[in-house]
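Enquirer: Pasting the sequence and the predicted coordinates here, then a few questions.
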Amino acid sequence: MNRKMFIVLLVFALTMILISSLTVSAAPPPAEPSASVLVSGLEGGTTGSTVGPGGDLFVTQVTSGSILRVDPRSGDYSVFASGLPPAVIPGLGGPIDVAFMGDTAYALVTIVGDPLIGGDDIAGIYRIDSPNSYTIIADIGQYSIDNPPDTGFFLVTGVQYSFEAFRDGFLVNDGHHNRVLYVTLDGEISEMIAFENVVPTGLETHGNTIYVSQAGPVPHLAEAGRVMAFEAGSSEVTEVASGARLIVDVEAGRGQTLYALSQGIWNGEGEGSPAIENTGSLVQVDGNGGFEVIIDGLDRPTSMEFIQNSAYIMTLGGEIVKVSDVSGPPFSTP
């Protein structure tokens, strides 16, 4: 073999090795998000949710007045707590959300003693002491009667929709009285911030920043569906994103990406009624003031949680939907 031919073959071999090395080391393209039903057939009116200290999902059931503990891997579930005041009107009120402070669970119970609706239970925060017992730590219904909001309302005890552990107490969103309350473990209640008629729904926190999702007033048009942010102790509110119908929750995903849950097109049957079936979607804040649709066709979602790179979405139809391979660029907080 002459010298020229040897050099050509050597260059060719080195080129093949380099191409092979680049092919092996190149990262595979990210998987597309996919949805599957983790749990179905829940008949208790699935609404609020949280991830507990052990990594399981905890889900409220308003019709049965209970909280379920769900294995996010298998979908197996059991009753974690029962005996909470159920909804007076099917699907409206009762234990609407659940949160943990350390290893202790708390339930947010709403619309169970309003004069217009009926019932004689207390709307407020209930500490779960055992599977069959609880202690009421805050009477939010009475506070709402004694401290009515500036916006219009017809339920004097309000409609508390979600709550979130924050510092040494809880943030509570009242979607009917259009405000966020702060409740201490000693039961002291104060107004943290008040809004116009925007129907605040979900809550998320990042340090001192509090995110609030807003469904907007009826007919819950897309331009009224927003995620807003404010700093604790400040009355200044910043719009993070808008453009999704009837937003019911906001959550941070992996790497502080920010997501919202759109219930979809309002069914038009009256204030407080849900969206049309299968019009909901999981959307991501795009960093440019809008949302990017991650998955659509959801059936009246109510709340969501993130575990690693998967979203778990609760629905009014009694399902828990798992959306796998949810990812996106991190969102910079305002």
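Expert: Thanks, I have it. Numbering: from 1, shown residues only.

Enquirer: number of nearby residues for Glu223?
Expert: 10 (other C-beta atoms under 10 Å). C-beta here means a position set from N, CA and C on the backbone, and glycine is covered the same way.

Enquirer: how close does it sit to Val237?
Expert: Relative to Val237, Glu223 is positioned 17 Å away (C-beta to C-beta, to the nearest Å).

Enquirer: now do Asp186
Expert: Taken as C-beta to C-beta, the span from Asp186 to Val237 is 28 Å.

Enquirer: same question, Gly268
Expert: 29 Å.

Enquirer: per-residue confidence for the nearest residue to Ala31 once chain neighbours are set aside?
Expert: Once flanking residues are discounted, Ala31 sits nearest to Asp325: 4.1 Å by C-beta to C-beta, 6 or more residues apart in numbering. Confidence at Asp325, expressed as pLDDT, is 89.

Enquirer: rewinding a little: Asp186 and Val237: which is more packed in?
Expert: Between Asp186 and Val237, Val237 has the larger neighbour count (other C-beta under 10 Å), namely 16 against 9.

Enquirer: is it true that that one touches Val227?
Expert: No - Val237 is beyond contact range of Val227, at 10.9 Å (criterion: C-beta atoms under 8 Å).

Enquirer: For the residue nearest to Ala31, give me its contacts.
Expert: Contact analysis of Asp325 by C-beta atoms under 8 Å, 6 or more residues apart in numbering lists Pro30, Ala31, Glu32, Pro33, Ser34, Asn309, Ser310.

Enquirer: per-residue confidence at the residue nearest to Leu116 when sequence neighbours are not counted?
Expert: Nearest residue to Leu116, sequence neighbours excluded (C-beta to C-beta, 6+ apart): Leu155, at 5.8 Å. We have a pLDDT of 96 for Leu155.

Enquirer: For this structure, name the helix or strand with the lowest mean pLDDT.
Expert: helix 3-25 (a mean of 43; mean pLDDT, DSSP states H and E).

Enquirer: Could you point out the helix or strand that follows it?
Expert: Proceeding N to C from helix 3-25, the next assigned helix or strand is strand 34-39, under DSSP states H and E.

Enquirer: in that following strand, what's buried?
Expert: Residues of strand 34-39 classed as buried: Ala35, Leu38, Val39 (neighbour count, 16 or more other C-beta atoms under 10 Å).

Enquirer: and the first one, what does it touch?
Expert: To tie it back to what came earlier, the one meant is Ala35. Ile295, Gly297, Leu298, Val321, Lys322, Val323, Ser324 are the contacts of Ala35 under C-beta under 8 Å, 6+ apart.

Enquirer: Next one: Ser74 relative to Ala105, how far apart?
Expert: Per C-beta to C-beta, Ser74 is found 21 Å from Ala105.
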